[in-house]
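Trainee: show me the folded form of this:
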Amino acid sequence: MVRSESGALVPLDELVQWEYSKTPLSIAHQEGQRVISVKAELAGSDLGAVSRIIEQKLNTLTIPEGYSVSAAGALKQQKENLSGVLYIFLGAVALIYIIMVAQFGRLSHPFIIMLSLPMAIVGVVFGMVITRRVVNPIGMVGFIMLIGIVVSNAILLIDRINLLRQRGYRLNDAILEAVRNRVRPILMTKLTAILGMLPLALAFAEGSDLEAPLATVVIFGLIFHTLITLILVPVLYSLFEGFRERRINRKKTDNSVAEHML
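Mentor: Numbering: from 1, shown residues only. Down below sits the predicted model:
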């Protein structure tokens, strides 16, 4: 009963229409907007793969006007961490290049080594495709590990070539001899790293799905870069140094001709 302006009591049924319905106990807000959270606990599933499936499903939905869908929680945190690790990766590449320039005393040799890195990334992409995995922040750490391993082997190879050339070897002879000397240590180093990462890549243990992308990055990157180190790096070295020697010889010839003319 409610009291009217005249003071009479009026039944509430005469003023309103009753309807039973289910309503939430509370209404959540974020930045002044109403939000509804959909949560799930997924055991034994890769977060990146689940994220990809969710995005595919959302793309097939027609979202009404005034509504929006966005990822939050672990998915949002993963994307933010991924961008941060990407900057660290680029910084590591730049720092390694500067250190190699200081070591070799020239720009061309570190540049040759860096040219082999994209091919290792091709191997990583191939590995992620066939294993149906997604690179997460921990996988990006695998990229940084991969750079250190593949760069060290290329440095040893080029350093050996330079040493043989200082001993009087011709360019092509020094390259062939260096490859023969270094092929076994390079293969053993990479095989050891691959076998060490294999159990983690197979994700046998509980909760290892999170670390599996790291091992996948390292394994497939090393497999592809092995061929690159033993084939592409010597070829690029021959091209760069061959061009440099021809330029020096041409300059000597020009100077000799000029002296005879004088």
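
Trainee: my guess is I121 contacts V217, does it?
Mentor: No: in terms of C-beta atoms under 8 Å, I121 does not count as a neighbour of V217; the distance is 9.4 Å. Heads up, the C-betas are built off the backbone N, CA and C, glycines and all.

Trainee: these two: who's more crowded?
Mentor: Relative neighbour count places V217 above the other of I121 and V217, with 30 against 16, counting by other C-beta atoms under 10 Å.

Trainee: spit out the contact partners of that one.
Mentor: The neighbours of V217, taking C-beta atoms under 8 Å, 6 or more residues apart in numbering as the test, are 124, 127-128, 135, 139, 142-143, 145-146.

Trainee: is the nearest residue to it once chain neighbours are set aside in a helix, a strand, or coil?
Mentor: Across the structure, with C-beta to C-beta, 6 or more residues apart in numbering as the measure, the residue nearest V217 apart from its sequence neighbours is G142 (3.4 Å). Three states are possible here, and by DSSP: H, G, I helix; E, B strand; the rest coil the one that applies to G142 is helix.

Trainee: thought G142 was touching A215?
Mentor: Yes: between G142 and A215 there is a contact under C-beta under 8 Å: 7.0 Å.

Trainee: so what's the residue count around Y67?
Mentor: Neighbour tally, Y67, other C-beta under 10 Å: 8.

Trainee: V179: what's it in contact with?
Mentor: If you count contacts by C-beta under 8 Å, 6+ apart, V179 has them with 157, 230, 234.

Trainee: out of the residues you listed, flag the one nearest to K57.
Mentor: K57 has its nearest neighbour among the contacts of V179 in L230, at 44.8 Å by C-beta to C-beta.

Trainee: let me know the pLDDT of that closest one.
Mentor: pLDDT for L230: 83.

Trainee: repeat for L15
Mentor: Checking the pLDDT column for L15, the value is 75.

Trainee: could you do T62 as well?
Mentor: pLDDT, T62: 81.

Trainee: helix, strand, or coil at it?
Mentor: The three-state label for T62, taken from three-state DSSP, comes out as coil.

Trainee: low-confidence ranges, this structure, go.
Mentor: Across the chain, the stretches falling below the confidence threshold (pLDDT under 70) are 1, 42-49, 71-83, 203-210, 252-262.

Trainee: can you map out the helices along it?
Mentor: With DSSP state H as the criterion, the chain has helices at 47-59, 74-104, 108-115, 117-131, 137-166, 171-202, 212-227, 233-261.

Trainee: now the angle between helix 212-227 and the fourth one, please.
Mentor: This means helix 117-131. With axes from the mean of the first three to the mean of the last three C-alpha atoms, to 10 degrees defining the directions, helix 117-131 sits at 130 degrees from helix 212-227.

Trainee: just checking, what packs against helix 117-131?
Mentor: Using 3 or more C-beta pairs under 8 Å, 6 or more residues apart in numbering; DSSP states H and E as the contact criterion, the elements in contact with helix 117-131 are helix 137-166, helix 212-227.

Trainee: got the contacts of V217 as JSON lines, with distance to T62 and neighbour count columns?
Mentor: Output for the contacts of V217, formatted as JSON lines (distance: C-beta to C-beta, whole Å; neighbours: other C-beta atoms under 10 Å):
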{"residue": "V124", "distance to T62": "36", "neighbour count": "25"}
{"residue": "G127", "distance to T62": "36", "neighbour count": "21"}
{"residue": "M128", "distance to T62": "31", "neighbour count": "18"}
{"residue": "V135", "distance to T62": "31", "neighbour count": "20"}
{"residue": "G139", "distance to T62": "33", "neighbour count": "24"}
{"residue": "G142", "distance to T62": "39", "neighbour count": "24"}
{"residue": "F143", "distance to T62": "38", "neighbour count": "23"}
{"residue": "M145", "distance to T62": "44", "neighbour count": "18"}
{"residue": "L146", "distance to T62": "42", "neighbour count": "25"}
